[in-house]
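Participant: 3D model of this:
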Amino acid sequence: MQSLKNLIVRFKKQAIVATIAICSVGFFAFEESNLFEISKNIDIFVTLFRELNANYVDEVKAEKIIHKGIDAMLESLDPYTEFIAETDVEDYKLTHVSNEYAGIGALVQQQDGKVIIAEPYFGYPAQKADLRAGDVILKIDDKDIYTKKVDDVTSLLKGARNTTLKITVQRLGELLPLTKTLTRQEIKIKNISYYGTIGDGIGYIRLDKFLDNCAAEVKQALITLKEKEHIKAVVLDLRGNGGGILQEAVKIVNLFVPKGTLIVSQKGKIKANNAEYFATSNPIDAEIPLAILVDNGSASASEIVAGAIQDTDRGIIIGERTFGKGLVQQTLSLSYNSLMKVTIAKYYTPSGRCIQSLDYTNRKDDGSVVKVADSLITEFKTKNKRSIYDGSGIYPDIATVSPVYHLVSFELMQKYLIFNYANEFRAKNNTIPSAKTFELSNQQYNEFISFVEQAKFDYKTKSEEQLAELEKVSKKEKYYANVSADYEKLKAKIVAKKKTNLITFKSEIQQIIEAEIACRYYYQDGRVEASFKYDDDIKEAIKIFQTPATYLQIVNGEGKYKIIGKPVKEIIEPTAQKEEESDDNDE
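Facilitator: The predicted structure is shown next:
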């Protein structure tokens, strides 16, 4: 009986080796010019694994070790080429294709060992049942989950559509637990987290991702704003949008440009992966003034939209230089229901530029990736003959600087103090003004400071960490006795300074608090609307739309708008430069 078991195990392992060998035949079909090298190295891999499996002192877990080998191989190419095992396919589709599942429509998080409601989504079962951010989940269907992990609770909340569940929660300010009965429904997280108006006749659409149906969502939002709000200009916010499906980006550009306009092209190693994408239908509005907001987190499909709008001089780009991802991925089916997402081409904006900023082909000896050299950056022209450049993302027509928050703000969020204060505020206040106008009073901010002090809030600054390292090294080198007095004085100064940070950085902390509180009353819309009054990019867009002459100067390339994003080195050292002559995926 034991020998039969060993035979079965051995057969399974040999089958895996045979599968690898069979897979190698596929390589030979399209890499004839490199046939010997491929054949040799596949043979080495197969024989290596066979000998490893036969001789290694412990049992070799075939699937685990081969997957590690696959991952290492793909990592040597670029971050976007990856293997997706059968067990991960559903999660992959949820992240990269469509955000759909059946559940209650709420985010949950773990805090101090308890699982709590972090944010209910408006219009879904959790919000309709009046579950609130901060509610501590005690039971699900009479099953005690007080000490369970987030993943376990999430699994219990999800289920078949139209099935019911009971949730028992403990709410701040309530003596007894509350029990809610909910019916699970299909949850589809929209690509657009908000659309509305930000000024007199100015529409605003915030697109968070380029997954299925996002172009249809943008189209419907644009039509609604035009028909109901009678907008005269529109802002499309792509900040922080890491991209997604290329075809959706093409359709979004088509909403604003005439039929037949070239939007993007892609070029790969094989002709089958070459393609040009044009506007195939009439636009919703090819004339309305348009501003695209971008930042360092805007990548791939976001850059396709921004690049096409800029190259055709259809609108203006406001914000920071984008990420610089000019690579196109395609998902290919493999055996045993697994997938591979592989980079098949580079994409080019209508002017012909590729904005890829990192050169994965020519890595350093240590494997690190370098940016495309300034000496290799080429000038291109927009429709109105403005100068633009490749190799480094999309440079904005109007450059702004994103706010950099102090460590104290991050620590207040990381330790859930702002989150918890917003819950306490909601428990004490039934209503607030509209999210766009709500402001924390000085008295309320002082109450927040007291709340933080009662929680005994503390954190380590980088100065303190380096000072502690100095103490450690100086003691080791026997110098500490000589510098201890100075060390203690410096340490005391840092501690004293930290105590004033809640006042020094009141402005940025207050912005975060107001957005968190607005979310308690107006959900996701409230969080967005509360940020408008502090948003410099939005203020810049409004200012330009209110001065049409400036808008026309930009798109026509007049004066300082004639050249966009010229490499700094060329500006500083023009002579030397002449002599020498940076779930997300486009599918």
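Participant: quickly find the element holding residue 59.
Facilitator: Under the criterion of DSSP states H and E, residue 59 resides outside all helices and strands.
Participant: right, and residue 240 touches residue 295 too?
Facilitator: Yes: using Cβ atoms under 8 Å, residue 240 is in contact with residue 295, at 6.5 Å. In this view, the C-beta of every residue, glycine as well, is placed from N, C-alpha and C.
Participant: so which of the two has more stuff around it?
Facilitator: Neighbour count, other Cβ atoms under 10 Å: between residue 240 and residue 295, residue 295 has more, with 22 against 17.
Participant: thought residue 318 was touching that one, still the case?
Facilitator: No: look at residue 295 against residue 318 with Cβ under 8 Å: they stay out of range, at 9.9 Å.
Participant: show me where the stretch 301-450 of the chain has its strands.
Facilitator: Using DSSP state E, counting those that start in this stretch, the strands of the stretch 301-450 of the chain run over 316-319, 327-333, 339-348, 358-359, 370-371, 379-381, 387-389, 398-399.
Participant: which residues touch the fourth one?
Facilitator: Residues from elsewhere that reach strand 358-359 (Cβ atoms under 8 Å, 6 or more residues apart in numbering): 324, 369-372, 582.
Participant: make a markdown table out of those residues and add distance to residue 378, neighbour count and pLDDT.
Facilitator: Listed next are the contacts of strand 358-359 as a markdown table, based on distance: Cβ to Cβ, whole Å; neighbours: other Cβ atoms under 10 Å; pLDDT from 0 to 100:
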| residue | distance to residue 378 | neighbour count | pLDDT |
| --- | --- | --- | --- |
| 324 | 15 | 23 | 95 |
| 369 | 20 | 15 | 86 |
| 370 | 18 | 12 | 83 |
| 371 | 15 | 15 | 86 |
| 372 | 10 | 21 | 82 |
| 582 | 17 | 17 | 34 |
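Participant: show me where pLDDT drops low in the protein?
Facilitator: 1-33, 97-100, 568-587 (pLDDT under 70).
Participant: care to break it down by domain?
Facilitator: Annotated domains of the chain cover 2-60, 100-188, 192-397, 412-537 [automatic domain parsing].
Participant: columns distance to residue 403 on top of these, output as CSV?
Facilitator: Shown next, in CSV, are those (distance: least, Cβ to Cβ, whole Å):
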stretch, distance to residue 403
domain 2-60, 50
domain 100-188, 23
domain 192-397, 11
domain 412-537, 7
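Participant: and these, which is most packed in?
Facilitator: Compared across these, domain 192-397 shows the largest average neighbour count, a mean of 20 (mean count of other Cβ atoms under 10 Å).
Participant: which of the three states applies to the residue nearest to the spatial centre of the chain?
Facilitator: Geometric centre of the chain, nearest residue: residue 242, 4.8 Å, by Cα atoms, centre = their mean. With DSSP: H, G, I helix; E, B strand; the rest coil as the basis, residue 242 sits in coil.
Participant: any idea how far it is from residue 209?
Facilitator: Residue 242 sits 7 Å away from residue 209, going by Cβ to Cβ, to the nearest Å.
Participant: got it, and residue 425?
Facilitator: Per Cβ to Cβ, residue 425 is found 30 Å from residue 209.
Participant: name the helix or strand for residue 217, please.
Facilitator: Here residue 217 is assigned to helix 214-228, by DSSP H and E.
Participant: what helices or strands is the next helix-or-strand element following that helix leaning on?
Facilitator: Next in sequence after helix 214-228, counting helices and strands by DSSP H and E, comes strand 233-237. Secondary-structure packing of strand 233-237 (3 or more Cβ pairs under 8 Å, 6 or more residues apart in numbering; DSSP states H and E): strand 202-207, helix 214-228, strand 290-294, helix 536-545.
Participant: would you mind giving the strands of the stretch 301-450 of the chain as JSON lines with distance to residue 246 added?
Facilitator: Formatted as JSON lines, those follow (distance: least, Cβ to Cβ, whole Å):
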{"stretch": "strand 316-319", "distance to residue 246": "19"}
{"stretch": "strand 327-333", "distance to residue 246": "6"}
{"stretch": "strand 339-348", "distance to residue 246": "7"}
{"stretch": "strand 358-359", "distance to residue 246": "19"}
{"stretch": "strand 370-371", "distance to residue 246": "23"}
{"stretch": "strand 379-381", "distance to residue 246": "20"}
{"stretch": "strand 387-389", "distance to residue 246": "21"}
{"stretch": "strand 398-399", "distance to residue 246": "26"}
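Participant: to residue 565, which of the ones you listed lies closest?
Facilitator: Nearest to residue 565, of all these, is strand 387-389, at 5.2 Å by Cβ to Cβ.
Participant: show me what contacts residue 558?
Facilitator: residue 552.
Participant: repeat that for 10 Å
Facilitator: Taking Cβ atoms under 10 Å, 6 or more residues apart in numbering as the criterion, residue 558 is in contact with 384, 386, 549-550, 552.
Participant: re the thing from before, next, the angle from the helix holding residue 217 to strand 202-207.
Facilitator: Using axes from the mean of the first three to the mean of the last three Cα atoms, to 10 degrees, the inter-axis angle of helix 214-228 relative to strand 202-207 is 160 degrees.
Participant: tilt between helix 214-228 and strand 233-237?
Facilitator: Interaxial angle, helix 214-228 versus strand 233-237 (the same axes, to 10 degrees): 150 degrees.
Participant: how far off centre is helix 214-228?
Facilitator: Centroid displacement of helix 214-228 relative to its chain, using Cα atoms, centre = their mean, to the nearest Å, is 23 Å.
Participant: what is it packed up against?
Facilitator: Counting by 3 or more Cβ pairs under 10 Å, 6 or more residues apart in numbering; DSSP states H and E, the packing neighbours recorded for helix 214-228 are strand 192-199, strand 202-207, strand 233-237, helix 246-254.
Participant: can you show me the CA trace of the last one as CSV?
Facilitator: C-alpha atoms of helix 246-254 as CSV (Å, rounded to 0.1, in the frame of the first residue of the first chain):
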residue,chain,number,x,y,z
LEU,A,246,-6.8,50.9,-22.8
GLN,A,247,-10.0,50.6,-24.9
GLU,A,248,-12.0,52.4,-22.2
ALA,A,249,-9.5,55.3,-22.3
VAL,A,250,-10.0,55.5,-26.1
LYS,A,251,-13.7,55.7,-25.7
ILE,A,252,-13.4,58.5,-23.1
VAL,A,253,-11.2,60.6,-25.4
ASN,A,254,-13.8,60.0,-28.1
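Participant: next SSE downstream of that helix?
Facilitator: Sequence-wise, the next helix or strand downstream of helix 246-254 (DSSP H and E) is strand 262-268.
Participant: relative to that next one, what are the paired strands and their orientations?
Facilitator: Sheet pairing of strand 262-268 (DSSP bridges) gives strand 275-278 (antiparallel), strand 339-348 (antiparallel).
Participant: nearest to residue 124, out of those?
Facilitator: Between the strands paired with strand 262-268, strand 339-348 lies closest to residue 124; by Cβ to Cβ that is 29.6 Å.
Participant: OK, contacts around residue 498?
Facilitator: By Cβ under 10 Å, 6+ apart, the residues touching residue 498 are 407-408, 458-461, 463-464, 504.
Participant: do the same with residue 561
Facilitator: 316, 384, 386, 397-398, 550, 552-555.
Participant: can you give me the helices for the stretch 351-500 of the chain?
Facilitator: Remark: helices assigned in the stretch 351-500 of the chain by DSSP state H, counting those that start in this stretch are 407-414, 417-428, 442-454, 462-476, 480-499.
Participant: tabulate the CA atom coordinates of the longest one in CSV.
Facilitator: What that stands for is helix 480-499. Written as CSV, here are the backbone C-alpha positions of helix 480-499 (Å, rounded to 0.1, in the frame of the first residue of the first chain):
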residue,chain,number,x,y,z
TYR,A,480,28.4,59.5,25.1
ALA,A,481,29.7,60.8,28.5
ASN,A,482,31.2,63.8,26.7
VAL,A,483,28.0,64.7,24.7
SER,A,484,25.2,63.5,27.0
ALA,A,485,24.3,67.0,28.2
ASP,A,486,24.0,68.3,24.7
TYR,A,487,22.1,65.1,23.7
GLU,A,488,19.5,65.6,26.4
LYS,A,489,19.0,69.2,25.5
LEU,A,490,18.5,68.4,21.9
LYS,A,491,16.1,65.6,22.8
ALA,A,492,14.1,67.9,25.0
LYS,A,493,13.8,70.5,22.3
ILE,A,494,12.4,67.9,19.9
VAL,A,495,9.9,66.7,22.4
ALA,A,496,8.8,70.2,23.1
LYS,A,497,8.4,70.9,19.4
LYS,A,498,6.3,67.8,18.9
LYS,A,499,3.8,69.0,21.5
